[in-house]
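*Asks:* need a structure here:
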Amino acid sequence: MSEFPCPECATVRTDADAVCPACGAPPASEHRHGEVGEVRQNDLEPYVALRYIARLFKILAALMIIMMIGEVITGFVTEGKMAIATLLGEATKLLVLAGLLWAGGDVMNLLIEAGHDLRVTRILLGRVNTKIHQNQSAEPSDERRQFAR
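*Replies:* Model (predicted):
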């Protein structure tokens, strides 16, 4: 029977396809063996509210464009060529506002990605730190050897 070390806590597992009994880490098949550089999808925070805000901003921007088209058509039908100056001003305002709303949605998506990047960095740094401490405790340093004598 083969034994596999847990990539999270280094406890020996008898079954690599089972959850670690010591720390609850997922099966070893979900990890890259020998690497610290993997972050599971469930380690990332979902940022549900920011995703809804991003969608809302983009939907509102699309609705404003549709309303602008309707306003231009209505203006031409009711006032004819006399409404061109007024409609041009109103269309410009609505286009700028719709563009700002769309950009707001993109900024929300950027914040989500930045949050994931920060979270991933913290997780990987924690794992590297743990790996370093495990290696240091397994091999005594030269200073420790000198004091042990």
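*Asks:* Pick out the least confidently modelled helix or strand of the protein, by mean pLDDT.
*Replies:* helix 142-148 (a mean of 56; mean pLDDT, DSSP states H and E).
*Asks:* average model confidence for the host helix or strand of Ile84?
*Replies:* Ile84 belongs to helix 84-138 when assigned by DSSP states H and E. Averaging pLDDT along helix 84-138 gives 88.
*Asks:* Which secondary structure elements does that helix sit against?
*Replies:* helix 48-79 (3 or more CB pairs under 8 Å, 6 or more residues apart in numbering; DSSP states H and E). C-beta here means a position set from N, CA and C on the backbone, and glycine is covered the same way.
*Asks:* List the buried residues in the helix it packs on.
*Replies:* 50, 53-54, 57-58, 60-61, 64-65, 68, 71-72, 75 (16 or more other CB atoms under 10 Å).
*Asks:* Stretch 87-102 too?
*Replies:* 87, 91, 94, 98, 101-102.
*Asks:* could you dump it to PDB, C-alpha only?
*Replies:* Listed next in PDB are the C-alpha coordinates belonging to stretch 87-102 (Å, rounded to 0.1, in the frame of the first residue of the first chain):
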ATOM      1  CA  LEU A  87     -31.900  66.100 -29.600                       C
ATOM      2  CA  LEU A  88     -28.100  66.300 -30.300                       C
ATOM      3  CA  GLY A  89     -27.600  67.900 -26.900                       C
ATOM      4  CA  GLU A  90     -29.800  65.300 -25.100                       C
ATOM      5  CA  ALA A  91     -28.200  62.400 -27.000                       C
ATOM      6  CA  THR A  92     -24.700  63.600 -26.100                       C
ATOM      7  CA  LYS A  93     -25.700  63.700 -22.400                       C
ATOM      8  CA  LEU A  94     -27.200  60.300 -22.500                       C
ATOM      9  CA  LEU A  95     -24.300  58.800 -24.300                       C
ATOM     10  CA  VAL A  96     -21.800  60.200 -21.800                       C
ATOM     11  CA  LEU A  97     -23.900  59.000 -18.900                       C
ATOM     12  CA  ALA A  98     -24.300  55.500 -20.500                       C
ATOM     13  CA  GLY A  99     -20.500  55.400 -21.100                       C
ATOM     14  CA  LEU A 100     -19.900  56.200 -17.400                       C
ATOM     15  CA  LEU A 101     -22.300  53.500 -16.300                       C
ATOM     16  CA  TRP A 102     -20.600  51.000 -18.600                       C
END
